[in-house]
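Participant: got a predicted structure plus its sequence, pasted below:
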Amino acid sequence: MGALVRQALEKAGITVITGTEVDGLDHGPGGQVSAACLGGAEHAVDVVAVAVGVRPRVGLATGAGLPVGAHGGLVPDDTQRLADGVWAAGDCCEIWDRLLGQHWFTPLATHATKAGRVAGTNLGGGSARFAGSVGTAITRTGDADVARTGLLPTWAAKAGLDADVVTIDSTTTAGYMPQARPMTVQVVGERGTGRLLGGQLVGGSGTGKRVDILAMALWAGLTVGDVAAADLAYAPPFSSTLDPVQVACRKLAERL
Ligand SMILES: Cc1cc2nc3c(=O)[nH]c(=O)nc-3n(C[C@H](O)[C@H](O)[C@H](O)COP(=O)(O)OP(=O)(O)OC[C@H]3O[C@@H](n4cnc5c(N)ncnc54)[C@H](O)[C@@H]3O)c2cc1C
C-alpha cells in the first residue's frame, strides 16, 4: 500500500528518498533556506516542511503529580477526568484503542472534538463518556485518497492475533464508467473467528471515505463475512455491483 502512495507522490512530480537521514539545511545570502543535504548530495529547495510528529507537553501535569501513559500522553478516564477537579482532552491525551484494548497516542481532531465535548458535558454537570477509537485516518496524497482503520497486518501479529490479509485491485466506480479510477483495498481478518481487524485503501477520488464502511464494521465487531453480506448502495457511477470493500471482505472470508 505504501508503494502506491509513493507512486502518487512521484506522479505529482515529487522525488521520494527514503531510508536517508537529513544531514542539514543550507541557506542563501538572504538567510532563506536554499538546499537540503542528504545522502551526501545537496537538493535545491524553495521550502522545507519538517514533519516529525507531535508530543504532548506534560510538564504541568507531571509537576502536579498526575500520571503519564506509556506513550507519553495524559490518561484521563472515559469521562475525560484526570483527577479531582482536573479534566483533559485533545492532543495532550492518549486515546483508548478499542481493538488493542489499551491506550494509544493518536493526536487527531476527530478524537479531540469528541473528547472535548465529553469533558465539557461532564464539567457542566452532565454525564458523557468517550468511547475510544478504532484507529481510523484519511488523507490525500497527490491525486490519491489514502485511508486506514484498525490494525495493520504487522500490528495484528504483534498483538498476538492470528491474522490473514487480502489485497484487491478494483475501480472507484463500475469499471466501464468514464470517471472510474484505480483503487486498491486491503483487509485484515482473524483466522478462526472471521472477525474484521482492519483495512487500508489507496486510490482515486471516491476511495477514501469507503474506509468508514470498515470503521463502522470494526466499531460493531462484525466479521468480514458480515461486511461482504451487508446491504450497501449500488449504481454504476458509485461502485461495482458489489463494492470493492465487500469484494475484498468476501475473498478474505473465503480464506478464513
Ligand atoms: C497541518 C495539520 C493538519 C491536520 N489535519 C488533520 C486532519 O485532517 N484530521 C484530523 O483528525 N486531525 C488533523 N490534525 C490534528 C488536529 O489539528 C489536532 O488533533 C487537533 O487540533 C487537536 O486539538 P486540541 O484542542 O487538542 O489542540 P489544538 O487545536 O492545538 O488547540 C490547543 C490550543 O491551546 C492554545 N494554547 C497552547 N498553550 C497555551 C497556553 N499556555 N495558554 C493558553 N492557550 C494555549 C493553542 O494556541 C491552541 O489554540 C492536523 C494537524 C495539523 C498540524
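Facilitator: That came in fine, so what should we check first?

Participant: can you tell me which residues in this structure are near the ligand?
Facilitator: Residues of the chain that fall close to the ligand, judged by Cβ under 6 Å from any ligand atom: 90, 91, 107, 108, 109, 110, 112. All C-beta spots, glycine's among them, are computed from the backbone N, C-alpha and C.

Participant: for the third one, give its distance to residue 68.
Facilitator: Per Cβ to Cβ, to the nearest Å, residue 107 is found 15 Å from residue 68.

Participant: tell me the pLDDT of the residue nearest to residue 1 when sequence neighbours are not counted.
Facilitator: Leaving aside its chain neighbours, residue 1 sits nearest to residue 200 (4.8 Å; criterion: Cβ to Cβ, 6 or more residues apart in numbering). pLDDT recorded at residue 200 is 98.

Participant: setting the sequence-adjacent residues aside, check what's closest to whichever residue of the stretch 1-150 of the chain sits closest to the ligand.
Facilitator: Here the stretch 1-150 of the chain gets closest to the ligand at one residue, residue 90, 2.1 Å apart by Cβ to the nearest ligand atom. Distance criterion Cβ to Cβ, 6+ apart; nearest residue to residue 90, sequence neighbours excluded, is residue 112 at 4.0 Å.

Participant: what is the burial count for the one you found?
Facilitator: 16 (other Cβ atoms under 10 Å).

Participant: list the buried residues in the helix or strand hosting it.
Facilitator: Assigned by DSSP states H and E, residue 112 belongs to helix 109-123. For helix 109-123, burial by neighbour count (16 or more other Cβ atoms under 10 Å) applies to 111, 112, 114, 115, 116, 118, 119, 122.

Participant: so what's the third one up against?
Facilitator: It stands for residue 114. residue 130 (Cβ atoms under 8 Å, 6 or more residues apart in numbering).

Participant: now swap in the first one and tell me
Facilitator: With contact set as Cβ under 8 Å, 6+ apart, residue 111 has these partners: 90, 95, 133.

Participant: rerun that using 6 Å as the cut-off
Facilitator: In this structure, residue 111 makes contact with 95, 133, judged by Cβ atoms under 6 Å, 6 or more residues apart in numbering.

Participant: state the distance from it to residue 52.
Facilitator: 20 Å.

Participant: my read is that the residue of the stretch 1-150 of the chain closest to the ligand contacts residue 110, right?
Facilitator: No. Applying Cβ atoms under 6 Å, one finds residue 90 not in contact with residue 110, separated by 11.2 Å.
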